[in-house]
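Student: Here is a sequence with its predicted model. Questions after.
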Amino acid sequence: MATVTEEKIDLAPELLEQINTQEEKQVIVHAKAKGIPNVHTIRVWPTIYLIPKGTSHKCKLLHHFNIVMYPKWQPIGPSGQHSFTLLFEGLPADCTTFDIVEIIDEEGAFEYRNMPRNVSDVYHVTF
């Protein structure tokens, strides 16, 4: 019968840090949009970002669920509300507050300011 021995492997601190920073981080935003009178459609633009306070860094949108991307339009039901989910790149580790901002050249952009960060990086907002 073979004997198995465990060896302890020490990693250089800089390699360990590199491995830890390569960990995939994402932010989930569950959103509800309340309808605007006489507007019965909705969409999201690829220029919606998470922007950590005090920086110019922008976390990009990775995926969207239950909402269409510009230039398409999606009908809103008779309730005048629509729920959808957005998946973004992870926020920087030192971020404590951020904004959700859709940068577009027309009215009706999604915007939520001063969102306090939480440990799960899962958020619920109403636009």
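Tutor: In hand now; what should we look at?

Student: ranges for the strands of the chain?
Tutor: Along the chain, the stretches classed as strands by DSSP state E are 26-34, 41-42, 48-52, 59-65, 74-75, 81-89, 97-102, 111-116, 122-126.

Student: Just name the most buried of those.
Tutor: For the strands of the chain, the largest average neighbour count (mean count of other Cβ atoms under 10 Å) is found in strand 48-52, namely a mean of 21. Every residue, glycine included, has its C-beta placed from N, CA and C.

Student: out of everything not next to it in sequence, what's closest to the residue most central in space within the chain?
Tutor: The residue lying closest to the centre of the chain (Cα atoms, centre = their mean) is Phe88, at 2.9 Å. In space, Phe88 comes closest to Val27 once its chain neighbours are excluded; the distance is 4.4 Å by Cβ to Cβ, 6 or more residues apart in numbering.

Student: Likewise for Gly90?
Tutor: Among residues not flanking Gly90 along the chain, Lys25 sits closest, at 2.6 Å (Cβ to Cβ, 6+ apart).
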